[in-house]
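Engineer: got a structure for you, letters missing:
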């Protein structure tokens, strides 16, 4: 790996020499940048503690060596006066190797084009910040906040942001989405209104716990602005009993329960289904899935306090969100009462995510977390909980989030004929390398995630480099999962020799859960008109440099 | 269907005319056979009440019409004296259309070659009895015990069994299997010692409840001969508590619990895996699966009485059978304690099967029934139950009944690297038509079963007539299953037009459970060295008559 890095550095040095001629560049004294390295986004620093994954620690070590190289290569460009000024728009237009890659830190502007191939985390991760500020990324990956990295960056300074530049125009206040929160620039946005964005594959499996700002976001409606002091959660009691109206403080009085849960959107990997035949839905790739430590009151405790008991019926616990459309229709969904009342199912009314209050995009101040169950039932901005004889009449429960035969189209679909998705089936995907990438001969590292619904543990991930003809068993990272309570994913990797003379690889992964459920081979036979449950083998095609 | 039957009768009449010339035949008065129609196997009649499935009732109606035809065609062959005598061996050698098809009822011998294509249940079902007695089949399918059917049969009488013929030689008493019970001749035997046999596909989906004599049998050792009066079940108590020694009467004192459960061998459909690459194991086709109503004491009640409580550990409840090999090694297996103590899991110490005492082949007097879990844990002839810190050390728990990657062979296998199979994944198979069969143009009826482990309900079965390119949704028979307690299979069928001009069909089925788990497309990627968990799409190739 180290040798590879050094070799890459040599090659890229030559390649970049030509680019340098066309790139405006100034040399600035390194010492002038020091203050700027402190995060300008204090709201993001809270997640720093989550970022110390093993791989980043390794990268941190290598970064030290990379930095020495970089320092020697670039020491010539120091000291200059009256830096040129740039607008944010100018910076943002430099976002590719062709235009040059600019980034900002504080008020300073850097051209990091030359550093791209030296970046120890790989060029793809640095590219996520291209044309914008570094702070959101450095806030998540604390390894950057070290003096030798600041020194490296200083070599690339080309100017500063124009202090006279006005803030971007305020949003239209008649826009129902005007009050939505700021989002992390690394998120891959599928839809702005409502906001839907996935974690980029480059970062998805960097850490077992997804940092809050990078957690995939699936909103159906504008994000409501809720005051934690006046917030009340309405728990409808059984017939003859009073209802509860719980403040946040009331909720804190219930035993505090923490559980690490992977949440996956039913539409994760829909983009692969669209390639077979068009479907209705957001074009999620592999990033509509993330993992967090959720803390809150157990739903079973709150329901018990309201007087609810288990019945033999088909009763459901219905959740209504405080997000709503202009007609007042709120998001809603439900889960079976038996599931809600089972203490072993660990269903939460969560008020913390990775040790912080829920971010607004993830349901502040309270959301439902249903381990092992499709994201659509984890109702955010929770306003009301009731027990009903049947499942929720919400559109999203009865007319969406269901699977159908490939033969069913929008003319023939009968939504009542299929059950609403609750537990999800076994899923896995490759996050590294990415489809279309070119890798070097020698050895390939394949990384990804695997997860199954219903608390079923992932017991094995098979990886093929030849499109599924032969298989190798990947190494599962992290600890063994609790039986029947495997609520969180397993990250995995395989290091394998690239077969000699191979010009391309068709990399495939498939996972097995502890009920020995497996993923289907191909997409077409599980195609469905809503593009949900896209769990076929994940396939990535890469070229190999000769 | 009726027209089809009449047309078939016409065609077969012509075809049979030539066969008749070479077949010895006598005409006997019909009245002489009447007494013989009462079952000669009283031990089998107990299952008659289970045999009245809808399809057989339909066949019964058609049989009346078929009988009229047959009666007119054959009335010429009546009245004759001193019938010829045959040995059982002579009868058994007439077991194909080429040799002629003989059967016996009581002491009478019949040549039913001509009736084969007139049989309302289809020729394949009559062929199950070819060369042997009808009683075991008529005992199961009570529709046969009607006067007009007896009249039809009488037309085909050709003689009687030689009354001087001695009973078959007694079994070698030094053979540990000498004490094994008699089995139903319709069972498809995979191994005689130990006895392993599957339900033939022709009968498998004829009724939702499998008649006891046709229930697939998976024995690992000789069947023990246990005296119900002296039988004791040993329940080891927790440390500091006394153990229980329960007689059958003691067990009857626990609340009686009944549950309908499908049991499937982990090796069901192994024969398809063998076609990819050789595996170790019995060559089961699609019939190592059956369904019964089981009655007994709940294991959780018995464990509670012995003083066992739920712990957070990985404890297992270990079962030891009273079957053993010459070295004294008994069959054993285990399930997690949490599962055993969960009343909702409905784990039974069963002493009745379809309202009768357990047959000897199925564990008389007591076996374990673990709904939703692989058959290997349903320990028969149960002798001892204990709670241990880890799972059973039995060979069958730790060195068998586990799944591995296709890349693992007997040189590289590490049995400790995979969990023992407990819950099984979604499964389905086609029982009609059968692979290699020739069907008529017009309409095809496809029938089969679908089942999933863990109480997950079957929500859909897709059937393809073109190898998986296009799909149709099959009709699921029977009642909707209980949420989280779908312990029994769903039978299904699809009636569909045979595409015009098609000379052959590649029929495929695949099922979906309520966690939206699906079956994998192909066998090779789930191949494993023990040939377990063979759950790929089931494929049947048939020819279509022009």
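Structural biologist: Perfect, I can see it now. Everything quoted here is computed from the prediction, not taken from an experiment. Residues are numbered from 1 along each chain as shown, chains lettered A, B, ... in the order given.

Engineer: center of chain A - which residue?
Structural biologist: residue A:199 (2.8 Å; C-alpha atoms, centre = their mean).

Engineer: how many neighbours does the closest residue to it other than its chain neighbours have?
Structural biologist: Among residues not flanking residue A:199 along the chain, residue A:287 sits closest, at 4.3 Å (C-beta to C-beta, 6 or more residues apart in numbering or on different chains). Placement of C-beta: from N, CA and C, glycine included. If you count neighbours by other C-beta atoms under 10 Å in any protein chain shown, residue A:287 ends up with 26.

Engineer: Just the pLDDT for residue A:89.
Structural biologist: At residue A:89, the predicted lDDT confidence score is 92.

Engineer: Just read off the phi/psi values of it.
Structural biologist: When read as degrees, to the nearest 10, the backbone of residue A:89 gives phi -70, psi -40.

Engineer: Show me where the stretch 151-300 of chain A dips below the pLDDT cut-off.
Structural biologist: The model of the stretch 151-300 of chain A has pLDDT under 70 over residues A:167-173.

Engineer: who are the neighbours in contact with the residue nearest to the centre of chain A?
Structural biologist: By C-beta atoms under 8 Å, 6 or more residues apart in numbering or on different chains, the residues touching residue A:199 are A:186-188, A:210, A:214-216, A:287, A:289-290.

Engineer: near chain B, which residues of the stretch 351-500 of chain A show up?
Structural biologist: Within the stretch 351-500 of chain A, the residues that sit near chain B (C-beta under 8 Å from any C-beta of the partner chain) are A:403, A:405-408, A:418-419, A:421-426, A:453-454, A:459-460, A:462, A:468, A:470-473, A:483-484.

Engineer: returning to that earlier point: the residue nearest to residue A:199 is in contact with residue A:186, isn't it?
Structural biologist: No: at 10.4 Å, residue A:287 does not count as touching residue A:186 under the criterion of C-beta atoms under 8 Å.

Engineer: Identify the contacts common to these two.
Structural biologist: Residues within reach of residue A:287 and of residue A:186 at once, by C-beta under 8 Å, 6+ apart, are A:199-200.

Engineer: hey, where'd the helices end up in chain A?
Structural biologist: If DSSP state H is used as the criterion, the helices of chain A fall at A:2-21, A:42-45, A:54-74, A:88-92, A:123-127, A:135-140, A:147-154, A:201-204, A:248-253, A:270-276, A:299-305, A:337-341, A:395-398.

Engineer: Mean confidence (pLDDT) on the third one, please.
Structural biologist: Mean pLDDT, computed over helix A:54-74, is 42.

Engineer: Identify the farthest-apart pair in the contacts of residue A:199.
Structural biologist: A:186 and A:289 (15.6 Å; C-beta to C-beta).

Engineer: circling back to that earlier point, mind listing which of the residues of the stretch 351-500 of chain A next to chain B are in strands?
Structural biologist: Of those, the ones assigned to strands by DSSP state E are A:459-460, A:462, A:472-473.

Engineer: which of these sit farthest apart?
Structural biologist: The most widely separated members of those are A:459 and A:472, with 15.7 Å between them, by C-beta to C-beta.

Engineer: What count of nearby residues applies to the closest residue to residue A:233 other than its chain neighbours?
Structural biologist: Once flanking residues are discounted, residue A:233 sits nearest to residue A:246: 4.5 Å by C-beta to C-beta, 6+ apart. By other C-beta under 10 Å, 23 other residues sit near residue A:246.

Engineer: And for residue A:524?
Structural biologist: Residue A:524 has 16 nearby residues by other C-beta under 10 Å.

Engineer: just residue A:353 next, same as before
Structural biologist: Counted by other C-beta under 10 Å, the residues lying close to residue A:353 total 24.

Engineer: now it, which residues is it bridged with?
Structural biologist: With DSSP bridges applied, residue A:353 shows beta-bridge pairing to residue A:294, residue A:356.

Engineer: Surely it touches residue A:359?
Structural biologist: Yes: counting by C-beta under 8 Å, residue A:359 is a contact partner of residue A:353 at 6.7 Å.

Engineer: Common neighbours of the two, please.
Structural biologist: The contact lists of residue A:353 and residue A:359 share A:212, A:215, where a contact means C-beta under 8 Å, 6+ apart.

Engineer: Now the phi/psi pair for the residue lying farthest from the centre of chain A, please.
Structural biologist: Going by C-alpha atoms, centre = their mean, the residue of chain A most distant from its centre is residue A:240, 44.1 Å out. The phi and psi torsions at residue A:240 (degrees, to the nearest 10) take the values phi 90, psi -10.

Engineer: Dump the contacts of residue A:199 to TSV, plus distance to residue B:136.
Structural biologist: Listed next are those as TSV, based on distance: C-beta to C-beta, whole Å:
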residue	distance to residue B:136
A:186	71
A:187	68
A:188	66
A:210	62
A:214	67
A:215	64
A:216	61
A:287	61
A:289	55
A:290	60
